[in-house]
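1. how does the following fold in three dimensions:
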Amino acid sequence: MLHETTIVTSRLSGLSKSRFIEKESHRLSKQLIKFLTGGDMKPDDIAHRLQILNDESLSRSILHFDIEHVENGYDLNELLYCLTLFRTFRFGQSAVHIPAETLIYIELASSPYIKMSQRLLLRQYLTLVYSNELNWDELDCNSTTIQF
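-> The predicted structure is shown next:
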């Protein structure tokens, strides 16, 4: 199951980590479902969002966890551990299941003050994509997310 999970990170912000994941989604013809996590992250909120989706739509999707600074690293590790290893997460009286075909991309924030990559317990077992440069030839100037 771990081969279906990839960490995307870089030393600097703005090196198109999210864009890389979007391009993978288009290349694989999969729907991208993004989860912004940061601050006082509540795993139950993420699990509730996942519960709304059905197995069929999840199997045709890429889950993109965009991780900023998180107050409680334990909750983050528990959530990612359960989702990547067991493909399930329990919250309250319910459980969420993620099909084996669902790819998971974990984008780690780039900041000298955020050492999430050191705090993420699974990092050593997952595929790592490290972005250290921006290819200006691939820049999509028509994208609404690009600001000049």
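2. okay, now the unreliable bits of this structure?
-> 1-3, 111-119, 133-136, 138-140, 144-148 (pLDDT under 70).
3. now with 90?
-> Applying pLDDT under 90 to the chain picks out residues 1-4, 9-19, 37-57, 67-85, 88-96, 108-148.
4. can you show me the strands along it?
-> Ranges of strands in the chain, per DSSP state E, are 5-9, 31-39, 61-70, 88-91, 94-97, 103-108, 127-130.
5. count of neighbours near the closest residue to residue 96 other than its chain neighbours?
-> The shortest distance from residue 96 to any non-neighbouring residue, by C-beta to C-beta, 6 or more residues apart in numbering, is to residue 50 (4.4 Å). Every residue, glycine included, has its C-beta placed from N, CA and C. Applying other C-beta atoms under 10 Å, we find 20 residues neighbouring residue 50.
6. next, the contact list for residue 50, please.
-> Residues in contact with residue 50 (C-beta atoms under 8 Å, 6 or more residues apart in numbering) are 58, 89, 96, 98.
7. before we move on, back to that, hey, which of the strands of the chain is tucked in deepest?
-> Greatest average neighbour count among these goes to strand 103-108 (a mean of 23), per mean count of other C-beta atoms under 10 Å.
8. name the strands paired with that strand and say parallel or antiparallel.
-> strand 5-9 (parallel), strand 61-70 (parallel) (DSSP bridges).
9. how about the helices in the protein?
-> Along the chain, counting by DSSP state H, helices occupy 17-27, 43-52, 55-59, 73-81, 116-119.
10. how near is residue 19 to residue 8?
-> Distance, residue 19 to residue 8, using C-beta to C-beta, to the nearest Å: 10 Å.
11. what of residue 34?
-> In terms of C-beta to C-beta, residue 34 sits 12 Å off from residue 8.
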